[in-house]
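Trainee: got a predicted model here, sequence first, then my questions.
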Amino acid sequence: TGLVMGTTYEVKIVSTKKNDPKLRNIIDARLQKMNRIFTTYDDTSELMVFNSSPLNVPQAVSSEMIDVLRVSQEIFIKSRGSFDPTVWSLVDLWGFGAVPSNHVIPDHDSISNLLALVGLNNISIEEDNNLVARLRDVKLDLSAIAKGYAADSVSELLNSMGIDSYLVEVGGELRIKGKKANGKNWHIAIEKPYISIDGVQAIIQVTDSGVATSGDYRNYFEENGKRYSHTIDPRTGYPISHNLVSATVIADTAAKADAFSTAMMVLGPEDAIDIAEENNLAVYLVIKNSNGFDVVFSKAFAPFIIGE
């Protein structure tokens, strides 16, 4: 266990081999490397340095940064633009940035001006040469994919060491492989979307997958009786206003699950399920109604559910 990316991590390993006494340090070093690349809490991180780089000048970046941007482009396209890591300036404007501010509802002109700078098409990526350039004054926030990617990176590390049963959790995003010590699949609880009451909405069994949940029920503010979510729709510049409160995604990697779960929250229940079915994606949605909550899930998610 430890701290990384402004949150916590936990790694559970099942192995008949004697653990390398240095394994804890090796895992922590890998995660701290991810932190130095992707954190928004340090102005010297690779991400933050890139965000202040001159326009139209290609910058050499790490292979990890290229990987995350490549996956981001994939999810951006498949989610019809609902996942877009160039939304940071809008998140900051609404007071949900790395340094929280007093929540003041921005005026329409301020939102429109920043919305013009949102879009992954404003980033040029040369994968073969590990070069990235800002074509306009966009700022990247990879928080909705970096924790999942960090879990995947630890997974690759453990695989390289011959460890084939583990659960890696970084800030709630999971990468799972193999089975538990009792020979059964890993069981994961999807929590009920309450702030003050702990509870389980569903239990799923997973192996060799990434799992991520996004929700808007913990981070929001209220003004004049209206609730403003921290989830900003990059297509409109405004917080989401539909009744989807939680989205869980299972994918082949934690990075994809992480990004898609954010996309589902932006899309709302109907469009989220449409895109899930279109991409054969395992998605579980919790939707608020007047009496409590409804649950909807895609066909691909059904086999994972073992209890509710």
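Mentor: Perfect, thanks for sending it. Numbering: from 1, shown residues only.
Trainee: the strands in the stretch 201-308 of the chain, which residues?
Mentor: For the stretch 201-308 of the chain, the strands defined by DSSP state E, counting those that start in this stretch cover 209-215, 220-223, 226-229, 244-251, 282-288, 293-297, 305-307.
Trainee: tell me the mean pLDDT over the last one?
Mentor: On average, the pLDDT along strand 305-307 is 89.
Trainee: list the buried ones in that strand?
Mentor: Within strand 305-307, no residue qualifies as buried by neighbour count (16 or more other Cβ atoms under 10 Å). Where you see a C-beta, it was placed from the backbone N, CA and C, and this is true even at glycine.
Trainee: strands paired with that strand, and their directions?
Mentor: strand 200-206 (antiparallel) (DSSP bridges).
Trainee: in the strand it pairs with, which residues are buried?
Mentor: Gln201, Ala202, Ile204, Gln205, Val206.
Trainee: could you check the angle it makes with strand 209-215?
Mentor: 160 degrees (axes from the mean of the first three to the mean of the last three Cα atoms, to 10 degrees).
Trainee: which parts of the stretch 1-150 of the chain are strands?
Mentor: Using DSSP E, counting those that start in this stretch, strands in the stretch 1-150 of the chain cover 2-4, 7-13, 59-60, 123-126, 131-134.
Trainee: what's the lowest-pLDDT member of the buried residues of strand 200-206?
Mentor: Within the buried residues of strand 200-206, lowest confidence goes to Gln201 (91).
Trainee: hmm, that one is touching Val295, no?
Mentor: Yes. In this structure, Gln201 is within contact of Val295 by Cβ atoms under 8 Å, at 7.1 Å.
Trainee: any common contacting residues for those two?
Mentor: Val286, Glu308 (Cβ atoms under 8 Å, 6 or more residues apart in numbering).
Trainee: save the buried residues of strand 200-206 as JSON lines, and put in distance to Glu10 too.
Mentor: JSON lines is the format used below for those (distance: Cβ to Cβ, whole Å):
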{"residue": "Gln201", "distance to Glu10": "21"}
{"residue": "Ala202", "distance to Glu10": "21"}
{"residue": "Ile204", "distance to Glu10": "18"}
{"residue": "Gln205", "distance to Glu10": "19"}
{"residue": "Val206", "distance to Glu10": "16"}
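Trainee: where does the stretch 51-200 of the chain have low pLDDT?
Mentor: 98-102, 194-198 (pLDDT under 70).
Trainee: 80 - rerun?
Mentor: Within the stretch 51-200 of the chain, the ranges that satisfy pLDDT under 80 run 97-104, 193-199.
Trainee: which elements pack onto the longest helix along the chain?
Mentor: Secondary structure of the chain per DSSP state H: the longest helix is helix 143-160. Helix 143-160 sits against strand 7-13, helix 23-38, helix 63-78, strand 166-170, strand 173-177, strand 209-215, helix 254-267, with contacts defined as 3 or more Cβ pairs under 8 Å, 6 or more residues apart in numbering; DSSP states H and E.
Trainee: got the CA coordinates for it in CSV?
Mentor: The C-alpha trace of helix 143-160 is given here as CSV (Å, rounded to 0.1, in the frame of the first residue of the first chain):
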residue,chain,number,x,y,z
SER,A,143,-6.8,12.1,-14.3
ALA,A,144,-9.6,10.1,-15.9
ILE,A,145,-7.2,7.6,-17.4
ALA,A,146,-3.8,7.9,-15.7
LYS,A,147,-4.8,5.9,-12.5
GLY,A,148,-6.0,3.1,-14.6
TYR,A,149,-2.9,3.2,-16.7
ALA,A,150,-0.8,3.2,-13.5
ALA,A,151,-2.6,0.0,-12.5
ASP,A,152,-1.8,-1.5,-15.9
SER,A,153,1.8,-0.6,-15.5
VAL,A,154,2.1,-2.4,-12.2
SER,A,155,0.3,-5.4,-13.9
GLU,A,156,3.0,-5.4,-16.6
LEU,A,157,5.7,-5.3,-14.0
LEU,A,158,4.3,-8.2,-12.1
ASN,A,159,3.8,-10.2,-15.3
SER,A,160,7.5,-9.7,-16.1
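Trainee: which pLDDT value goes with Ser261?
Mentor: For Ser261, the predicted pLDDT is 98.
Trainee: number the residues from 110 up from this point.
Mentor: Yep, numbering from 110; the last one is Ser370 now.
Trainee: contacting residues for it?
Mentor: Ala321, Thr322, Ser323, Ala356, Thr357, Val358.
Trainee: again, only this time at 6 Å
Mentor: Listed by Cβ atoms under 6 Å, 6 or more residues apart in numbering, the contact set of Ser370 reads Ala321, Thr322, Ser323, Ala356, Val358.
Trainee: done for today, thanks.
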